[in-house]
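Peer 1: What follows is a predicted protein model with its sequence.
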Amino acid sequence: MRSTSIEAWAVPVKLFPLAEHTYVVIEKVMRAGCHGRSQGGRLLESSPGDVRMAICLAQPDGGAGVRYGISGVCHQAANRILYAAGTTTLRARGARQSLMAWGLYGIADDGSAYSPATHPWTELANCAGTAANPPAWGGDQ
């Protein structure tokens with residue numbers, strides 16, 4: 001495991017001032033923006049973690065497999081990537097509301113909540129115990 005800094009960031013949402021968009025910065029060079037902004041805002045958490053796992057979990061496009069508005073929003077996508085560092089976006093504004101709607105890591109098509117231990121999402125199942133390759137999408141740089 002290669003340990004490095006994995007950061008959770010939050011940016012105000014202009015249309016919804018009580019909510020924040022979240023994104024992840026891996027090794028201070030790779031950004032997983034979850035189909036949104038990936039610069040600016042405030043640092044929520046910075047934790048050491050497995051950079052290869054985080055990069056793998058961010059696949060395929062920095063959204064970590066979350067279907068926006070269906071299986072979760074950017075809080076869930078960021079939490080999936082942050083799993084590699086053992087942290088979450090729960091300090092972001094609006095995180096508690098998205099947690100109530102989609103759980104910590106999102107929901108499956110049958111409505112059940114994903115869980116690393118009992119119901120892993122596809123990217124986690126594919127990334128666990130494997131050496132991850134750099135993402136094809138190159139990150140939001």
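Peer 2: Arrived safely. It should be emphasised that the depicted structure is a prediction, and the values quoted were computed from it without experimental measurement.

Peer 1: Which residue ranges of this protein form strands?
Peer 2: 3-12, 20-26, 30-32, 42-50 (DSSP state E).

Peer 1: export those to a markdown table and tack on mean neighbour count and distance to Gly111?
Peer 2: In short, each C-beta sits where N, CA and C put it, glycine included. Putting those into a markdown table (neighbours: other C-beta atoms under 10 Å; distance: least, C-beta to C-beta, whole Å) gives the following:
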| stretch | mean neighbour count | distance to Gly111 |
| --- | --- | --- |
| strand 3-12 | 20 | 26 |
| strand 20-26 | 27 | 23 |
| strand 30-32 | 24 | 26 |
| strand 42-50 | 17 | 28 |
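
Peer 1: Now mean pLDDT too, for those strands, in TSV please.
Peer 2: As requested, these are exported to TSV (pLDDT from 0 to 100):
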stretch	mean pLDDT
strand 3-12	89
strand 20-26	96
strand 30-32	89
strand 42-50	94
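
Peer 1: Would you reformat the ones you listed as TSV and include distance to Ala85?
Peer 2: Output for the strands of the chain, formatted as TSV (distance: least, C-beta to C-beta, whole Å):
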stretch	distance to Ala85
strand 3-12	4
strand 20-26	9
strand 30-32	12
strand 42-50	3
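
Peer 1: How about residues contacting stretch 80-91?
Peer 2: Under the contact criterion C-beta atoms under 8 Å, 6 or more residues apart in numbering, stretch 80-91 has outside partners 6, 8, 10, 22, 24, 26, 32, 44-45, 47-51, 53-54, 57-58, 64-66, 75, 78-79, 95-96, 99, 104-106, 116, 121, 123-124.

Peer 1: Alright, I will stop here.
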